[in-house]
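Asks: sharing a sequence plus its predicted fold:
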Amino acid sequence: MAEQREAGRGRASIEVVPLPGDPGPEERSAASVWGGRLILGTLLTLLLLNVLWMGRNVDKLRPVARGGQAPDFSVPRLGGGTFHLAETRGHPILVDFWATWCGPCRQSLPILDKVYATYRGRGLQAIAVEMDGAASEAQGFMQQLGLTLPVGLGGEAASHLYGVSSIPHLVLIDREGRVRRVFRGVHGAAELGQAVEEAGL
Amino acid sequence: MTERLGQGVLYPGRAARRLLSGGRGGLRDVLWLLGLRVLAVETVSLAQGFSRIVDEGLSAPFQALLQAGRSVLLDVLVVLCGATLLSLLLGEREARLRPGMSLDLSAQALLPWLFIHVHAALLFTLLGWGDPPERLRRVVQGVALLSYAWAFWAALRAARRAVWYVGAGAGARIDKGAGTN
C-alpha cells in the first residue's frame, strides 16, 4: 500500500501512506471524476455562451470607426442618477474612459476638464467613465485633482463597445451621435478644442 | 486530468498526498485551467482585440492578451504567496521534498478557488450581468479565499507529515494518529 519515492541523491525517501478512505492506486473516485468534469464542463459552457453571444452581436465586436454610429450605453453617475448616452443627442459630447490606477489619466483628465469648462456654455457635454466602478476612489481622485467633470462608474462593459484597449481613451461624438474622433493617450487642450469646434457646437 | 481536478476540489488532502507520493498534477494542471478560464471569460475582449489587427497591427491583440491576463493575475499572486508561505512554514525540511513541490501544492490548493470563480462567472453570464454588483463580487471573492485557505491547510498538513517523519528510520509511516513506527 505504501508508495515509496526517491526524492533525489542525498535526500531521504518519503513514504506517504494513504489514509483510510483514500482510493487505491487503481481505484478512481466517482465524485472526483464528476467534480473534474463539472469544472471543465462549466468552462466549456462559458466559452460556448460567449461564442454564441458573439455570433449574435457581430456588430458590437467591430471597432467603432470614425463616422460610425456611437454605441449607446448607460452608466451610474458619481453622486447619483444614471447617464444615458442617448439623452445627449443634439449635443456634441466627449466620452473619456479612465481608471484611478492609470498614470496618464492624471494628465488627460485636467485637460478634458479645461476643454469642457471652455465649451460647456456652447453646448458641449462630457462624461469621464471610470472603468472599475469604485465610487469612493473615483471621488477621491476627482477631488484630489480639483475636477468638476461629470463622472460615470463601472464602464467596463461600455469600454468593450468602444473597443478600448488602452486608457486614457477619449471619444468625440457629434450632434448626430456619430464618432468624430478617437484620441488615445494624452492630447493637448488646443487639439481637443479644435476637434470640438469642428464637431459643430 | 479530470479526476485530478475533481480530487483537488473535493478532497484537497488526498490530492496533496497523491502529489507528495509522486503523482502528476499541481502547477501544470492549474496552468491549463487558468488558460482555459482566460479563454472562456475573456472571449469577447480577445475577439475584439484580434479583429482590430488589420487597422492597428499586432499591438491590438497584444493589448487584448495583456488585459485578459490581468483577469488571472490575482490567481497567480495567490499561488506564489501560498508557495512562499508553505516554504516558510515547512522550514529547512522542505529540502526533503522534490524541487518545486511547494509551488505544486500551492497551485493545487487553488482548485477550489477556481471552481467557485468559474461557476460564479457562469451564473453571472446566464443572468446577463456584465457587471455584477460589487457586494456580490466581494462575497464570491471571500468564499473563494476561504476555500483556498481550507485546501492550503490540507496541503500544509500533508506536507508537514511527509517531511516530519523522514529520517525517522526505515519503514517510517505517515498516517493519521499512528506516529512513527
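Replies: Alright, I've got the coordinates.

Asks: buried residues in stretch B:69-76?
Replies: The neighbour-count check on stretch B:69-76 (16 or more other Cβ atoms under 10 Å in any protein chain shown) flags B:71-72, B:75 as buried. (Each C-beta comes from the backbone N, C-alpha and C, glycine too.)

Asks: same question for stretch A:109-119.
Replies: A:109, A:111-113, A:115-116, A:119.

Asks: just name the closest of those to chain B, please.
Replies: Closest to chain B out of those is A:Leu109 (20.9 Å), distances taken as Cβ to the nearest Cβ.

Asks: show me what contacts A:Phe141?
Replies: By Cβ atoms under 8 Å, 6 or more residues apart in numbering or on different chains, the contact set of A:Phe141 is A:Thr100.

Asks: go on, A:Glu137?
Replies: The neighbours of A:Glu137, taking Cβ under 8 Å, 6+ apart as the test, are A:Thr100.

Asks: rerun at 10 Å
Replies: A:Glu137 is in contact with A:99-101, A:130, A:153, counting by Cβ atoms under 10 Å, 6 or more residues apart in numbering or on different chains.

Asks: element containing it?
Replies: Taking DSSP states H and E as the criterion, A:Glu137 maps to helix A:135-145.

Asks: out of the buried residues of stretch B:69-76, which is nearest to B:Trp164?
Replies: Nearest to B:Trp164, judged by Cβ to Cβ, of the buried residues of stretch B:69-76 is B:Asp75 at 29.7 Å.

Asks: which SS class is that closest one?
Replies: Assigned by DSSP: H, G, I helix; E, B strand; the rest coil, the conformation of B:Asp75 is helix.

Asks: closest point of chain A to chain B, which residue?
Replies: The nearest approach of chain A to chain B comes at A:Gly35, 2.9 Å away (Cβ to the nearest Cβ).

Asks: can you show me the helices along chain A?
Replies: A:30-56, A:58-61, A:105-119, A:135-145, A:156-161, A:189-199 (DSSP state H).

Asks: nearest to B:Leu105, of those helices?
Replies: For B:Leu105, the closest of those is helix A:30-56, at 17.5 Å, according to Cβ to Cβ.

Asks: one step back: what sits against the residue of chain A closest to chain B?
Replies: Applying Cβ under 10 Å, 6+ apart, the residues contacting A:Gly35 are A:29, B:2-3, B:5-11, B:111-112, B:115.

Asks: of these - the most surrounded one?
Replies: Of these, B:Gly8 is surrounded by the most neighbours, 33 neighbours in total, counting by other Cβ atoms under 10 Å in any protein chain shown.
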